[in-house]
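A.B. asks: Could you look at this predicted model? Sequence included:
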Amino acid sequence: MSSFLDSCEKFFGSKNLYEVLNIAKDAPASKVKKAYYKLSLSVHPDRVPVNEKKSATAKFQVLGKVYSVLSDKDKRTLYDQTGIIDDEGSLNEEKDWYDFWRLLFKLSEEDIKCFEKNYRESGEELKDLKEAYLEFEGDMDEIMENVLCCTAEDEERFVETLQELINAGELPDFDAFSKESKKKKAARKRKAKKEEKEAEEMREELYKNAPVKDDSENALAALIQSRQGQRMDSLMASLEAKYCQPKKTKKGGKKASKK
């Protein structure tokens, strides 16, 4: 059995590549790409503790492999007709999945700001908010962690929106939401402030220690870092130096396995 498909099930709950991306089998290439992009925004190693980064990195590699199959006409046809995946026994850890991703989605500082601006208070954000509310049964800690681009400043707006939907009968009233303690709310607020402070420190450090980059590249990297405590860390550009560095070559021409 494919170790790759096992990894799909482990990290995304299904061995079906289309289910991993949450798309139909006949989805056009444009929709495959869009689904991959959206999911990649939520698969970010910086959102997990240090001891879980290895697993998070593997998750990103699996997602890249899924897209590499479904975006290739021949590989997709083979998979659709036989269930076979070319080179399915390996995730090809030597492949720089970040470079692969960046070729598809060329990001600039303006791209990130534009994405955030268009997403906030959009129909897509509302859909994601409702899904997060249902998935986590009203737990605002989880909701604030999983809705893209949100900051502590969005919480009041989210609560008002969710309450309106509950009053209208569009969402169930979970106790975790309606009876959340003041202590839990205060803890979440403290955590958000701490993350914002850490993000600002990282941003300042980045500018101070990266003089070799040009201004635009520094601005992009700093923006990504500053968004880290605000869920905009989901953008994959922040993986560049940390999680997808080229593999070192061993003697004899073989590449070292990723640890």
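C.D. replies: Everything's here; your move. Residues are numbered from 1 along each chain as shown.

A.B. asks: okay, the closest residue to Leu17 other than its chain neighbours: pLDDT?
C.D. replies: Nearest non-adjacent residue to Leu17, counting by CB to CB, 6 or more residues apart in numbering: Val66, 5.1 Å away. Backbone N, C-alpha and C define where each C-beta goes, glycine included. What the model reports as pLDDT for Val66 is 93.

A.B. asks: Next: Lys193.
C.D. replies: 86.

A.B. asks: what do you get for Gln81?
C.D. replies: 88.

A.B. asks: Could you pull up the contacting residues of it?
C.D. replies: Gln81 makes no contacts at all, as judged by CB atoms under 8 Å, 6 or more residues apart in numbering.

A.B. asks: Need the CA coordinates for whatever helix or strand it lives in. PDB is fine.
C.D. replies: Assigned by DSSP states H and E, Gln81 belongs to helix 73-82. Only the C-alpha atoms of helix 73-82 are listed here, as PDB (Å, rounded to 0.1, in the frame of the first residue of the first chain):
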ATOM      1  CA  LYS A  73      -2.700  15.600 -17.200                       C
ATOM      2  CA  ASP A  74      -1.000  12.200 -17.700                       C
ATOM      3  CA  LYS A  75      -0.600  11.500 -14.000                       C
ATOM      4  CA  ARG A  76      -4.200  12.500 -13.200                       C
ATOM      5  CA  THR A  77      -5.500  10.300 -16.000                       C
ATOM      6  CA  LEU A  78      -3.500   7.400 -14.700                       C
ATOM      7  CA  TYR A  79      -4.800   8.000 -11.200                       C
ATOM      8  CA  ASP A  80      -8.400   8.400 -12.300                       C
ATOM      9  CA  GLN A  81      -8.400   5.200 -14.400                       C
ATOM     10  CA  THR A  82      -6.300   2.900 -12.200                       C
END
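
A.B. asks: Counting neighbours, which bits of that helix end up buried?
C.D. replies: Neighbour counts over helix 73-82 (16 or more other CB atoms under 10 Å) mark 75-76, 79 as buried.

A.B. asks: separation between the closest residue to Lys25 other than its chain neighbours and Glu195?
C.D. replies: Spatial nearest neighbour of Lys25, excluding adjacent residues (CB to CB, 6+ apart): Tyr18 at 5.2 Å. Distance from Tyr18 to Glu195, counting by CB to CB, to the nearest Å: 35 Å.

A.B. asks: got it, and Lys179?
C.D. replies: Separation of Lys179 from Glu195 (CB to CB): 26 Å.

A.B. asks: higher neighbour count, the two?
C.D. replies: Between Lys179 and Glu195, Glu195 has the larger neighbour count (other CB atoms under 10 Å), namely 17 against 9.

A.B. asks: what about Ser68, neighbour count?
C.D. replies: If you count neighbours by other CB under 10 Å, Ser68 ends up with 18.

A.B. asks: Sounds good, over and out.
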